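Asks: I'd like to go over a predicted model; first the sequence, then the structure.
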Amino acid sequence: MTRTARRCGGRLARSWLAAAVGALLAGLALPASAKYGIEIDAPRELRKLLKAHLDLSRFAKRDDITDDQFDFLLTATPQQVRDLAATDGYFSPVVRTDVRTAEGKKKVIVHVDPGPRTNVSSIDLSFAGPVKTEDPSRENAARFAFSLHPGDPFTQSGWSDAKSAALKALQARRYLGAKIARSQALIDPRKKTAALSVAFESGPTFTVGPLDVSGVRRYPEWIVTNVNPIAVGEFYDTTRIEELQRQLQNTPYYASVAIDVDSDVDKPHETPIHVKVSEYPYNSVRGGVGYATDTGAHVQGAYSYLNTFGAAWPFTVQGRIDQIQQYGQIQLSMPPGRRGWVNSALASYTSTNVSDTRIYSARIGVQRARTSQFIDYTYSLQYYVDRLDQNAASPKTSHALVPQWSWTRRNVDDPLFPHSGNLLHAEAGFAVRHALSDETFVRGYARGVQYLPVGKRDLLLFRAELGGVFTSGSSADVPASLLFRAGGSNSVRGYGFQSIGNKVSGSVLPTKYLITGTAEYQHWFTHDWGAAVFYDIGAATDTWHERTFFPGVGFGARWRSPVGPVNVDLAYGIRNKSVRPYLTLGIAF
């Protein structure tokens, strides 16, 4: 530690000692006689720091401060201000305290002229160990993560955060035992500069070994092994550890998962992965109520039994009722197999009544699915029986046996509040006439969202959606739940939910083809609150060359709530000249 660093440490020690003595004095049962207010005259950021940590400020809320205690706090204030200002890069502040008395109450004004702020003049990051020859990219990652740059203000918190971020980046892959061998901040009070240097020691390359599982009581340990994506002997990588944790939490068995890896530099090869799980009970019941502008109020619930046949087969019954749709499903699944694949059988029934069109859809089938940290796959074979009721014709029932495939990829910086990256989803399926199907068709569907950061806070959002059912026959012979309509909060705002389609005698019928698009700009005033302007456009039709586009524009508020993003929008449908409000929670994907 340099002399300057020791001197700064001594100042902080004196500050904490003064705080402790002041707290002790304030806690004594002495007659209350000194009541005072305080005003801090300093630049905004420094004023905020002093208001939070200066003893004279903290104890101003007390009404049991004696005159002696007040004098002690007042005497300690200049040194405390200097010590606190030093942590924010001000090493030569001028401090003056004025005490005024009015109507028997003292008022203290603390004047602080912080002087010029100390700025970072140079940064020297050095690395030693195998990282120099084995994986220089980790050195580059650590340099990039070091958040201070020449010319930046020097603060103690910024200095600590920069070192911590660089070390964390170095430890993220291969070099789990990396450490800071030496660091110093050379402060030149005359030039108001800080010369920073940090020496990192990478230590040996770590490889991961077998799982060490604890907390297993109800369900077989091999479930953890089957969903583990990490092979013994792989280089240690935090993203792979996070993937293992996500895989375990995606199963229905574990309420919590804690993972730890030994960082003993003397035993870096095949270091064990310690997994501690907390299991759900066999039976669980979940429920909830909510509201959305598209579907109105809703109530939903589910019951699960996780040990069917005494072999950890999950059995689930779930349902949801809202103002336009009633849905129910039963599903029996096997435990995860190798690489986390899950086989299941399911049956569902959905009744939808929207835009004067009633669709009753029953389906039964089997599927094989795998969920990972970034990509999900599903292969299924489902038999559809749909009935379509409309105003202009008799009810129509259609059947189809559909082999299907779906794929989802998540490539965003934050799964809950994305600021950059993209989300993609694609589906494909087909049916063959007379093979338990009324018509031969091929169905494809895709949607995507792209997030483009603008500066540190703002972002551009682009959303697109494409769907098509390709058949030489009529769409009436294709199950209605496999066709398309547009409109609503996650489609084309400014129009009613699923109100864009084939209009026949007041009914809006689902169509063969769908296309929608969105461009949205979000400006964030603070971390949690923002505003947006947007433009949506879309069409749904049975005949592509006769398509009609429906544009909508609007604005809204954005809130990063504790449970996810909340969007409140007001949109104008240009073609229908209608104004509609929307309230959505979460990312619809």
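Replies: All right, it came through fine.

Asks: contacts, neighbours, all on C-alpha from now
Replies: OK.

Asks: any idea where the helices of the stretch 351-500 of the chain begin and end?
Replies: Assigned helices in the stretch 351-500 of the chain: none (criterion: DSSP state H, counting those that start in this stretch).

Asks: hmm, I was thinking of the stretch 151-300 of the chain
Replies: Under DSSP H, counting those that start in this stretch, the stretch 151-300 of the chain gives helices at 156-171, 222-227, 238-250.

Asks: Could you dump the ones you listed into TSV with mean neighbour count added?
Replies: Converted to TSV, these look like this (neighbours: other C-alpha atoms under 10 Å):
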stretch	mean neighbour count
helix 156-171	19
helix 222-227	20
helix 238-250	18
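
Asks: could I get the ones you listed as TSV with mean pLDDT and distance to residue 288?
Replies: Listed next are the helices of the stretch 151-300 of the chain as TSV, based on pLDDT from 0 to 100; distance: least, C-alpha to C-alpha, whole Å:
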stretch	mean pLDDT	distance to residue 288
helix 156-171	94	40
helix 222-227	94	29
helix 238-250	92	20
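
Asks: between those, which one is nearest to residue 470?
Replies: When the helices of the stretch 151-300 of the chain are compared by C-alpha to C-alpha, helix 238-250 sits nearest residue 470, at 35.1 Å.

Asks: circling back to that earlier point, can I get the helices of the stretch 151-300 of the chain in CSV with distance to residue 534?
Replies: Shown next, in CSV, are the helices of the stretch 151-300 of the chain (distance: least, C-alpha to C-alpha, whole Å):
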stretch, distance to residue 534
helix 156-171, 36
helix 222-227, 41
helix 238-250, 34
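
Asks: Send over stretch 40-55 as CSV, restricted to the C-alpha atoms.
Replies: Only the C-alpha atoms of stretch 40-55 are listed here, as CSV (Å, rounded to 0.1, in the frame of the first residue of the first chain):
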residue,chain,number,x,y,z
ILE,A,40,-24.9,21.4,3.4
ASP,A,41,-23.7,23.9,0.8
ALA,A,42,-21.7,21.7,-1.7
PRO,A,43,-22.0,20.3,-5.2
ARG,A,44,-24.9,18.0,-5.7
GLU,A,45,-23.1,14.6,-5.7
LEU,A,46,-20.9,15.6,-2.8
ARG,A,47,-23.9,17.0,-0.9
LYS,A,48,-25.7,13.7,-1.3
LEU,A,49,-22.7,11.8,0.1
LEU,A,50,-22.2,14.1,3.1
LYS,A,51,-25.9,14.1,3.9
ALA,A,52,-25.9,10.3,4.0
HIS,A,53,-22.7,9.8,6.0
LEU,A,54,-21.8,12.9,7.9
ASP,A,55,-22.5,12.4,11.6
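
Asks: Now that stretch: buried residues?
Replies: Neighbour counts over stretch 40-55 (16 or more other C-alpha atoms under 10 Å) mark 40-42, 46-47, 50-51, 53-55 as buried.

Asks: Now do the domain split for this protein, please.
Replies: 3-113, 119-201, 208-279, 282-335, 353-585 (automatic domain parsing).

Asks: Redo these as JSON lines? Include distance to residue 343.
Replies: Below are the domains of the chain laid out as JSON lines (distance: least, C-alpha to C-alpha, whole Å):
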{"stretch": "domain 3-113", "distance to residue 343": "57"}
{"stretch": "domain 119-201", "distance to residue 343": "34"}
{"stretch": "domain 208-279", "distance to residue 343": "13"}
{"stretch": "domain 282-335", "distance to residue 343": "6"}
{"stretch": "domain 353-585", "distance to residue 343": "5"}
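
Asks: you'd agree residue 76 is in a helix?
Replies: Yes: counting by DSSP: H, G, I helix; E, B strand; the rest coil, residue 76 falls inside a helix.

Asks: Figure out which of the helices of the stretch 151-300 of the chain is closest to residue 109.
Replies: The closest of those to residue 109 is helix 156-171. By C-alpha to C-alpha, the value is 26.2 Å.

Asks: just the angle between the closest one and helix 238-250, please?
Replies: For helix 156-171 against helix 238-250, the angle by axes from the mean of the first three to the mean of the last three C-alpha atoms, to 10 degrees is 80 degrees.

Asks: before we move on, the earlier item: and of the domains of the chain, who's closest to residue 345?
Replies: Nearest of those (C-alpha to C-alpha): domain 353-585, 4.3 Å.

Asks: on that earlier part again, closest one of the buried residues of stretch 40-55 to residue 423?
Replies: residue 46 (41.8 Å).

Asks: Which helix or strand contains residue 540?
Replies: strand 529-541 (DSSP states H and E).

Asks: which other helices and strands contact that strand?
Replies: strand 513-524, strand 550-561 (3 or more C-alpha pairs under 8 Å, 6 or more residues apart in numbering; DSSP states H and E).

Asks: For that strand, report the contacting residues that lie outside it.
Replies: Applying C-alpha atoms under 8 Å, 6 or more residues apart in numbering, the set of residues contacting strand 529-541 from outside is 484-487, 491-493, 500-502, 510-525, 547-560.
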